[in-house]
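*Asks:* take a look and give me a structure for this.
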Amino acid sequence: MYDATFKIIIFGDAGCGKTTLTQRFLTNLFKSDQTMTIGVDFEVKSLTVDEQKVKLQIWDFGGEERFRFLLPTYVRGA
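*Replies:* Residues are numbered from 1 along each chain as shown. Reported below is the predicted structural model:
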């Protein structure tokens, strides 16, 4: 059971480092040869903040123009 759940949307231009930033946050590792995201990737991270259990739902969108149509559907509730 979580005290709070947050939906985080990561989006921007292709090749700007969205997935690299997300993976760094999730794993504390930097991977310089990250592959391009096709569509959308979903990750979950659990944290404890001020003794509260927090769940982060992280949605990482591919930056190519052809994936932009997906964004409005996933942004709801963010």
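*Asks:* buried set for the helix ranked longest in the chain?
*Replies:* Assignment by DSSP state H gives helix 18-27 as the longest helix of the chain. Residues of helix 18-27 classed as buried by neighbour count (16 or more other C-beta atoms under 10 Å): 18-19, 22-23. Backbone N, C-alpha and C define where each C-beta goes, glycine included.
*Asks:* just stretch 64-78 next, same as before
*Replies:* Buried, per 16+ other C-beta under 10 Å, within stretch 64-78: Phe67.
*Asks:* which residues touch Ala6?
*Replies:* For the record, residue 6 is Phe, not Ala. Shown in contact with Phe6 (C-beta atoms under 8 Å, 6 or more residues apart in numbering): 54-57.
*Asks:* touching, Ala14 and Glu64? I think so.
*Replies:* Yes. With contact defined as C-beta atoms under 8 Å, Ala14 counts as touching Glu64 (4.9 Å).
*Asks:* what touches both of those two?
*Replies:* Met36.
*Asks:* and the residue of the chain positioned farthest from its centre, how far from Ala14?
*Replies:* Of all residues in the chain, Glu51 has its C-alpha farthest from the mean position, at 23.6 Å, by C-alpha atoms, centre = their mean. Per C-beta to C-beta, to the nearest Å, Glu51 is found 40 Å from Ala14.
*Asks:* thanks a lot, catch you later.
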